[in-house]
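K.L.:
attaching a predicted model along with its sequence, questions to come.
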Amino acid sequence: MTAALLSATPALAQTVVDVKKIWDEAPHNAFTDLVRHNNRWFCTFREGAAHVSGDGKIRVLRSKNGTKWESFTLIEQPGDDLRDPKLSVTPTGQLQVMAAAARSSGHQTLRWTLPEKPGPVAKGEPIGDLNYWLWRSTWRGREAFGIGYRTQAAERGVRLYRFTGAKFETLVADLKVPGYPNESAIRFGKDGSALALLRRDPVNGQMGNAMLGSAKAPYRDWTWKELNVRAGGPNFIALPDGRLVAAVRLYDGTTRTSLCWLNAEQGTLTEFAKLPSNGDSSYAGMVWHKGLIWVSYYSSHEGKTSIYLAKVKP
């Protein structure tokens with residue numbers, strides 16, 4: 001653990017206002033995302049027999065107040081292990097889910113448009129390229145952007161996609177990030193500039209610290225810097241005062257889900273809130289609402305891998 005993280009540790013618990021388990025009905029409940037849409041909360045995650053299994057389904061919950069939750073829909077497709085669902089609201093006000101289908105032929109990213117009322121959802125629409133996992137997309141105006149990572153072990157790499165209203169297209173075929181880059185989140189500043197928080201895993205003896213990318217419109221030229229820690233399941237948001245908060249899984253002796261200050265200029269992640277978690281954990285959704293960071297995540301610290309909702313005061 002770095003000195004910066006050590007110095008932040010004694011005050012961690014003071015920022016966590018509330019944590020509640022909101023779902024544990026499947027044998028394994030994991031990989032969450034969270035949005036607030038039409039004055040309702042929506043939380044999505046994968047249900048399956050285990051962390052990796054062939055029976056993955058996507059559950060979407062809905063809540064008026066963030067306390068009482070109901071099942072909104074369950075998405076399943078025979079033969080597909082549906083993984084890592086992500087929520088977004090389109091420019092026309094539609095709620096969408098994006099996830100990867102793990103198949104014998106490889107990984108294909110799919111998306112679904114959710115109905116206005118609870119009920120079944122039509123079959124997912126393929127987006128992106130086969131064996132490029134488009135992990136999360138972010139809307140800016142009428143366009144969405146997301147980074148897809150190569151899932152074939154023999155070939156590593158990440159590419160940038162753009163959605164322009166008809167389909168996702170490849171904007172940058174190779175973002176030229178060394179090592180094993182994969183999961184990511186993109187956010188846009190008020191000036192239109194983009195930041196990308198990117199997970200890397202150790203491979204071939206190389207370090208696996210996270211990377212931070214930056215680019216200006218039209219987002220074809222990216223600059224990358226290595227951050228000070230390894231981080232999994234990356235997500236981040238900007239607070240109203242401009243500070244950047246990331247939710248990640250940290251790997252520095254104790255695996256956990258934590259909130260960290262992201263300093264883009266210095267290239268650092270500094271932990272300030274440790275959520276109740278350990279082991280199989282992380283993959284958070286984040287929303288700023290009424291002076292608090294609302295965080296969905298999963299963890300196995302109480303035995304069964306379950307879905308939690310935390311409120312954190314920064």
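P.N.:
Cool, the structure landed.
K.L.:
show me what contacts residue 146?
P.N.:
For residue 146, the contacting residues are 134, 135, 136, 137, 138, 160, 161, 163, 168, 184, 186, by C-beta atoms under 8 Å, 6 or more residues apart in numbering. Every C-beta, even on glycine, is put in place using the N, C-alpha and C of the backbone.
K.L.:
from the residues you listed, which would you call buried?
P.N.:
Buried by 16 or more other C-beta atoms under 10 Å: 134, 135, 136, 137, 138, 160, 161, 163, 168, 184, 186, out of the contacts of residue 146.
K.L.:
among those residues, show me the least confident.
P.N.:
The member of these with the lowest pLDDT is residue 168, at 82.
K.L.:
separation between that residue and residue 60?
P.N.:
22 Å (C-beta to C-beta, to the nearest Å).
K.L.:
surely residue 127 and residue 110 touch.
P.N.:
Yes. Proximity of residue 127 to residue 110 meets the contact threshold set by C-beta atoms under 8 Å, at 6.9 Å.
K.L.:
common neighbours of these two, please.
P.N.:
residue 98.
K.L.:
for residue 101, name its beta-bridge partners.
P.N.:
residue 82, residue 108 (DSSP bridges).
K.L.:
which residues touch it?
P.N.:
77, 80, 81, 82, 83, 107, 108, 109, 110, 124.
K.L.:
for the helix or strand containing residue 111, packing partners?
P.N.:
For residue 111, the element it lies in under DSSP states H and E is strand 106-113. In this structure, strand 106-113 makes packing contacts with strand 95-103, strand 125-127, strand 132-140, judged by 3 or more C-beta pairs under 8 Å, 6 or more residues apart in numbering; DSSP states H and E.
K.L.:
in that strand, what's buried?
P.N.:
So, applying 16+ other C-beta under 10 Å, buried residues of strand 106-113: 107, 108, 109, 110, 111, 112.
K.L.:
ok, now stretch 289-307?
P.N.:
So, applying 16+ other C-beta under 10 Å, buried residues of stretch 289-307: 292-301, 305-307.
K.L.:
now the end-to-end length of that stretch.
P.N.:
One end of stretch 289-307 to the other measures 20 Å (C-alpha to C-alpha, to the nearest Å).
K.L.:
ditto for stretch 17-29
P.N.:
Chord length of stretch 17-29, first to last residue, is 23 Å (C-alpha to C-alpha).
K.L.:
which pLDDT value goes with residue 202?
P.N.:
89.
K.L.:
and it, how many neighbours?
P.N.:
Residues lying near residue 202 (other C-beta atoms under 10 Å) number 13.
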